[in-house]
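Engineer: heads up, no residue letters with this:
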C-alpha cells in the first residue's frame, strides 16, 4: 500500500488548473462582451492577445494540469501504490511549469498574439514556441512515470490481473498523448523553432498546418478521455451501482487509441493542396470515432437508469427524477453528458467533408468546442473537484448549495452561449474576429441579437467559474476539518480480457493507421515544393 | 464477453449511422460533384508581382456568360480586386494567393469558401445562382486588422 506521498502533485496540479480557469474565464468574458456591436472595451490588438491567452490557458494549461493531477489520483488509488518515481514527477511538473511561464510571458506582453493554433508565417517570439515545447517534454516524462508505475504494479505479482478500468483509461489517454505529440514535436523542432530563431529563412505553412492538426485533433481526446474516466469510474461509485458494462468501457478506450489521430484533415477540408480523397479518408476515421462515444452514451445512461430504478424510480422516463440531481458531482456529469450529446451532432457537421463548407472558420466552431472541452471536460473537472478536494485536503466542501448553483449556472450559460454561436456560424459570421459588423453590411444585420445572447451566456459562465473558485478557496482556507474516507482500493478482477487488454497491439495498429492516413498526403505536400514563406511578425 | 442485447442493437444502429453519413457525404462529393477545395499551385510569396495574374488582380472573361477567371490577392488586410462582378449561372474560377500570412475567403450566404496560404495558389471553381451583392469576409485570423478585411461579390442578371 502506498502512503500517497504523490498527493502533493495532485493538489499542485489542481490548484494551478484552478488559477488557469479563473484567468481564462476573465479573457473569455472580455471576448463575448467585445463582440457585441457597440461595445468597445479594448483595442483590436489587445483583443487578439486575450483571444490567444484564453485559448492557450484553457486548452493547454487548465486541461494539462488537471489531467496530470487526475491521472496520479486514479493510478495511486486504483493500484494502491505510489507512482514509480517521486523525482520524475518533480522533473515533469518543473518542466511543465517552466514551459508554461515561458510561453505565457510573451503572450501577455503581446509578443505572441498568434492564437493557440499559431499558424505560420505569422511569427511569435521564439520563447513562445520553445516554452510550448518544454511543456510537452514535461508531459512526456510525466506519462513515462505513470506507465512505469503500471509496469511496477504488474511486476508485484499482478501479471494475470485486469487493470482497474480507471487506470486502463489513463494508460489509453497517455498512449494517445504520445502518438499525438509526435506531430507538434515535428512542427516545433523542424519548422517553427529554427525558423523563429532565424536559422532558416522560410517555412511551409501548409506543411505546418498538416503537422499541427495531426496533433490538434487527438489533443481533444486527451482532454476528453479523463472526463470519460470520471464518468466510467466515479459516477457508478457515486450512485452505488456497478458499471453497466466494464468490458465495453475497455473497448471504448481501445477504439479511441485507434481512431484519435488519423483524423486531422477534418480541420483542413478547406485547404488547397490536399487531395479530396485523403480528406474523405479522414472523414471516415472521424466518423468511426463517434462509435466509442455512442457506446459511452449508452453505457453511462444505462448505469444511471439502473441506479435510479434501485432508488425506486419508475416508468419509461420517470426514473430520471429518481437520480440525485442535488448532488453537484452527479449533476455536473449528467449535464456534461447532455451538452456533449449536442457536441456530437454538431461535430458530425464539422467532420462531414463538404458539409464543412457551411461552418468552417465560422462562429459555429467555437460554439462546438465549448460544448466539448468547455462542457464535457471543464464541467466534469469542476464537478469531480467537489468530490476529490475534501479527500485530498481533509476539509469539508464549503457549500454544496453554491456548488450546485455553479453547475446549473454553467449548464444554462453554456446553452445560451453555444446555441447562438452555432446559428451565427450558419449565417456566415466568422470566428476569431474583433468586430463582425463589416461596416454595417446588410448580410451582418441579423447577427447582433445573437451576439448579445452569446454574451449573456458568457457572463453566466464567468459567474459560474467565479462561484466555483470562491467555493474552492473557502474550502481550502476555512472548510471544517473532517476525516474523509479514501476510496477503498477496488477489488481487482482476475482473468485476462484477451486481445482487448493488449495495449501494445492496439498502439501498433494505431501507428499503422496514422501512417496510412498521413504518409502519402504529407509527401504530396512536400513534393509540391513551395519556396515557403518568410516570417511576418505580429505586433 | 457477453454484450447486452439492447446495447448490441445500439451498437448496430451506431455503425449503420456512421456508414450512412459516409455514403451521403461521399455521394455529394464524388458523384454529384460538390467537392472540397484541393487544387493548388505553388508560388514564391515574395514575388507574386512577377506572376502576371497577381501583378494585375482582376476578373477575366474567358467565355462570356459561361466562364470567368478571378485572379485575386488576399493580403493584410484587403482583397484585390475589392469588387468582383460575375453573371449568374456562370462558372467562376478563383485563383487566390497571399504575399504575407494565411487568410480566409468566405462568400457569406453561400457555400463558397477556402483557405488562402502563402506559398500556394488556391484554385476553386464556383457558380452563383442568385443575383445580389454578397459580402466576402476573411475568416482566418491575420493580425490586428483582420476585422477590416472584406470584399464584395456582385452577381448580375447576365
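Structural biologist: Okay, I see it. Computed from a predicted structure; not experimentally measured.
Engineer: going forward, measure contacts between C-alpha atoms and count neighbours the same way
Structural biologist: OK.
Engineer: show me how chain A divides into domains.
Structural biologist: Following automatic domain parsing, one gets these domains for chain A: A:1-161, A:324-480.
Engineer: what's the end-to-end length of the last one?
Structural biologist: Between the opening and closing residues of domain A:324-480 we find a distance of 24 Å, counting by Cα to Cα, to the nearest Å.
Engineer: returning to what we had before: can you lay out the domains of chain A as JSON lines showing mean neighbour count?
Structural biologist: Formatted as JSON lines, those follow (neighbours: other Cα atoms under 10 Å in any protein chain shown):
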{"stretch": "domain A:1-161", "mean neighbour count": "20"}
{"stretch": "domain A:324-480", "mean neighbour count": "21"}
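Engineer: can I get those domains in CSV including mean pLDDT and distance to chain B?
Structural biologist: Below are these laid out as CSV (pLDDT from 0 to 100; distance: least, Cα to the nearest Cα, whole Å):
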stretch, mean pLDDT, distance to chain B
domain A:1-161, 95, 5
domain A:324-480, 96, 5
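Engineer: just the pLDDT at the residue nearest in space to the middle of chain A, thanks.
Structural biologist: In chain A, the centroid-proximal residue (Cα atoms, centre = their mean) is residue A:223; its distance is 2.7 Å. In this model, residue A:223 is scored at 96, pLDDT.
Engineer: name the element it belongs to?
Structural biologist: Using DSSP states H and E, residue A:223 sits in helix A:205-229.
Engineer: re earlier: quick one: closest of the domains of chain A to residue B:46.
Structural biologist: Nearest to residue B:46, of all the domains of chain A, is domain A:1-161, at 12.3 Å by Cα to Cα.
Engineer: distance from the chain centre to that closest one, please.
Structural biologist: 11 Å (Cα atoms, centre = their mean, to the nearest Å).
Engineer: same check on stretch A:406-421?
Structural biologist: Chain-centre distance of stretch A:406-421: 18 Å, with Cα atoms, centre = their mean.
Engineer: stretch B:117-135 now?
Structural biologist: 5 Å.
Engineer: list the buried residues in it.
Structural biologist: By neighbour count with 16 or more other Cα atoms under 10 Å in any protein chain shown, stretch B:117-135 contains the buried residues B:117-128, B:131, B:133-135.
Engineer: and the furthest pair within these?
Structural biologist: Distance extremes for these: the farthest pair is B:119 and B:131 at 33.4 Å, using Cα to Cα.
Engineer: which ones are touching residue A:178?
Structural biologist: For residue A:178, the contact set (Cα atoms under 8 Å, 6 or more residues apart in numbering or on different chains) comprises residue A:140.
Engineer: secondary structure element holding it?
Structural biologist: helix A:165-186.
Engineer: mean confidence for that helix?
Structural biologist: Mean predicted confidence for helix A:165-186 is 97.
Engineer: what segments of the stretch 401-539 of chain A are strands?
Structural biologist: Applying DSSP state E, counting those that start in this stretch to the stretch 401-539 of chain A gives strands spanning A:536-537.
Engineer: by residue count, which helix of chain B is the longest?
Structural biologist: Longest helix of chain B, by residue count under DSSP state H: helix B:5-26.
Engineer: backbone dihedrals for residue A:160, please?
Structural biologist: In terms of degrees, to the nearest 10, the main-chain angles of residue A:160 are phi -100, psi 0.
Engineer: number of residues surrounding the residue nearest to residue A:225 when sequence neighbours are not counted?
Structural biologist: Using Cα to Cα, 6 or more residues apart in numbering or on different chains and skipping the chain neighbours, the partner closest in space to residue A:225 is residue A:173 (6.1 Å). When neighbours are counted by other Cα atoms under 10 Å in any protein chain shown, residue A:173 registers 27.
Engineer: I'd say residue A:173 and residue A:227 touch.
Structural biologist: No: between residue A:173 and residue A:227 there is no contact under Cα atoms under 8 Å: 10.6 Å.
Engineer: quick check: residue A:483 touching residue A:394?
Structural biologist: Yes: between residue A:483 and residue A:394 there is a contact under Cα under 8 Å: 6.0 Å.
Engineer: please enumerate residues in contact with stretch B:146-158?
Structural biologist: The contact list for stretch B:146-158 (Cα under 8 Å, 6+ apart) reads A:433-436, A:438, B:65, B:76-79, B:82-88, B:107, B:128, B:130-138.
Engineer: distance between stretch A:498-513 and the chain's centre?
Structural biologist: For stretch A:498-513 - counting by Cα atoms, centre = their mean - the centre lies 23 Å from the chain centre.
Engineer: quick one: mean pLDDT for it?
Structural biologist: So the average pLDDT for stretch A:498-513 ends up being 91.
Engineer: residues of that stretch that come out buried?
Structural biologist: Neighbour counts over stretch A:498-513 (16+ other Cα under 10 Å) mark A:500-501, A:503, A:506-507, A:510-511, A:513 as buried.
Engineer: thinking again about what came up before, the longest helix of chain B: which residues count as buried?
Structural biologist: Buried-residue list, helix B:5-26, by 16+ other Cα under 10 Å: B:7, B:11, B:14-15, B:18, B:21-22, B:25-26.
Engineer: that helix near chain A at all?
Structural biologist: Yes: on the criterion Cα under 8 Å from any Cα of the partner chain, helix B:5-26 is in touch with chain A at B:7, B:10-11, B:14-15, B:18, B:21-22, B:25-26.
Engineer: which residue in the residues you listed has the weakest pLDDT?
Structural biologist: residue B:7 (91).
Engineer: related to what we said a few turns ago, any chance of a markdown table for the buried residues of helix B:5-26, columns distance to residue A:218?
Structural biologist: A markdown table is the format used below for the buried residues of helix B:5-26 (distance: Cα to Cα, whole Å):
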| residue | distance to residue A:218 |
| --- | --- |
| B:7 | 26 |
| B:11 | 23 |
| B:14 | 21 |
| B:15 | 21 |
| B:18 | 19 |
| B:21 | 22 |
| B:22 | 21 |
| B:25 | 23 |
| B:26 | 24 |
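Engineer: which two of the residues you listed have the greatest separation?
Structural biologist: Farthest pair in the buried residues of helix B:5-26 (Cα to Cα) is B:7 and B:26. Separation: 28.2 Å.
Engineer: who are the contact partners of residue B:73?
Structural biologist: B:54, B:57, B:79-81, B:96-99.
Engineer: and residue 71, what does it touch?
Structural biologist: Here I'm looking at chain A. Neighbours of residue A:71 in contact, by Cα under 8 Å, 6+ apart: A:146, A:170, A:226.
Engineer: the intended chain is chain B.
Structural biologist: B:53-54, B:56-60, B:94-96.
Engineer: which of those residues fall in helices?
Structural biologist: Here DSSP H is the test, and the contacts of residue B:71 give B:53-54 as lying in helices.
Engineer: buried subset of the contacts of residue B:71?
Structural biologist: Here, 16+ other Cα under 10 Å leaves B:53-54, B:57-60, B:94-96 buried among these.
Engineer: thinking again about what came up before, tell me the one of the contacts of residue B:71 nearest residue A:111?
Structural biologist: Closest approach to residue A:111 among the contacts of residue B:71 (Cα to Cα): residue B:96, at 29.1 Å.
Engineer: quick revisit: I'd like the contacts of residue A:71 laid out as TSV, including distance to residue A:297.
Structural biologist: What follows is the contacts of residue A:71, written out as TSV (distance: Cα to Cα, whole Å):
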residue	distance to residue A:297
A:146	28
A:170	19
A:226	15
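Engineer: what strand or helix carries the nearest residue to residue A:521 once chain neighbours are set aside?
Structural biologist: Distances taken as Cα to Cα, 6+ apart put residue A:274 closest to residue A:521, at 6.5 Å, once the chain neighbours are dropped. Per DSSP H and E: residue A:274 is located in neither a helix nor a strand.
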